[in-house]
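Novice: sequence and predicted structure are below.
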Amino acid sequence: MATRKYTKKQKPSDKNIAEQLEDAFLAGLGALSNAQKAGEKTFDSLVKQGEQFRKKTTKRTESLIDNVQDAIREMSDDAQSRATGLLDQVRDKSNLRKLQSAFDTRVADAMDRLNVPSKNDMDKINRKLNKIVRMLDEKPKKAAVKKARPAKKVARKAPAKKASRKRVSKKKVSKTVKKAA
């Protein structure tokens, strides 16, 4: 059996504190030196890894872009073929007539609900206004003829109607419209 030699452990008080601080400082400098050497190597390896990562991601991104473009082309072709089919259906005259009549009916119903006069209503109003304007044109002439010849009655033809229209103020038209109604 080997015998052990018992040595006294040095106590911190045995070593000088200044020596301990110097040893710690030198150990820190050594660690810094090792870190610098390892840091340069680590930095270079990280740069290489970054370049490899960029190449991989660029390839993947380009691949994804190509896939998306292909999908868009397929959807575009599909949509175009559907639109062509719909246009063919709309161009069919019987379907177009049905569509037009349905549209006309709905528009007419909406206009009726909004109390917007139709073309027929406007034509009726115009005919009535023309009649009123003619009546207004004839009244002053009849009054002038009656005053000029109060006693004699002579069979005379009515003067020919003029094609031109006089401008009538809104007040006169509204009064005559009220009377006619």
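Specialist: Nice, I can see it.

Novice: please count neighbours and contacts with C-alpha atoms only from this point.
Specialist: Fine.

Novice: domain-wise, how is this structure divided?
Specialist: Domain assignment for the chain by automatic domain parsing gives 20-116, 117-149+168-181.

Novice: any idea which of those has the lowest pLDDT on average?
Specialist: Mean pLDDT per stretch puts domain 117-149+168-181 lowest among these, at a mean of 75.

Novice: in TSV, list the domains of the chain along with mean neighbour count.
Specialist: Below are the domains of the chain laid out as TSV (neighbours: other C-alpha atoms under 10 Å):
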stretch	mean neighbour count
domain 20-116	12
domain 117-149+168-181	12
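
Novice: where exactly do the helices run in this structure?
Specialist: With DSSP state H as the criterion, the chain has helices at 17-91, 93-113, 119-148, 170-180.

Novice: show me the contacts for Pro117.
Specialist: Taking C-alpha atoms under 8 Å, 6 or more residues apart in numbering, we find Pro117 in contact with Met111.

Novice: so how far is Phe43 from it?
Specialist: Note on Pro117: its distance to Phe43, by C-alpha to C-alpha, to the nearest Å, is 84 Å.

Novice: cool, and Ala35?
Specialist: Distance from Ala35 to Phe43, counting by C-alpha to C-alpha: 11 Å.

Novice: touching stretch 68-86 from outside, list them.
Specialist: Contacting residues not belonging to stretch 68-86 are not present [C-alpha under 8 Å, 6+ apart].

Novice: tell me the spacing between Asp109 and Gly39.
Specialist: According to C-alpha to C-alpha, Asp109 stands 83 Å off from Gly39.

Novice: no, scratch that, I was asking about Lys59
Specialist: Lys59 is 30 Å from Gly39, by C-alpha to C-alpha.

Novice: what does Ser63 give?
Specialist: Distance from Ser63 to Gly39, by C-alpha to C-alpha: 36 Å.

Novice: ditto for Ile17
Specialist: Separation of Ile17 from Gly39 (C-alpha to C-alpha): 32 Å.

Novice: what of Ala102?
Specialist: Computed as C-alpha to C-alpha, the Ala102 to Gly39 distance reads 80 Å.

Novice: again, but for Arg91
Specialist: In terms of C-alpha to C-alpha, Arg91 sits 75 Å off from Gly39.

Novice: same check, this time on Leu87
Specialist: 70 Å.

Novice: now do Thr58
Specialist: Thr58 is 28 Å from Gly39, by C-alpha to C-alpha.

Novice: and what of Ala27?
Specialist: Per C-alpha to C-alpha, Ala27 is found 18 Å from Gly39.

Novice: repeat for Asn126
Specialist: 98 Å.

Novice: do the same with Ser33
Specialist: Taking C-alpha to C-alpha, one finds Ser33 at 10 Å from Gly39.
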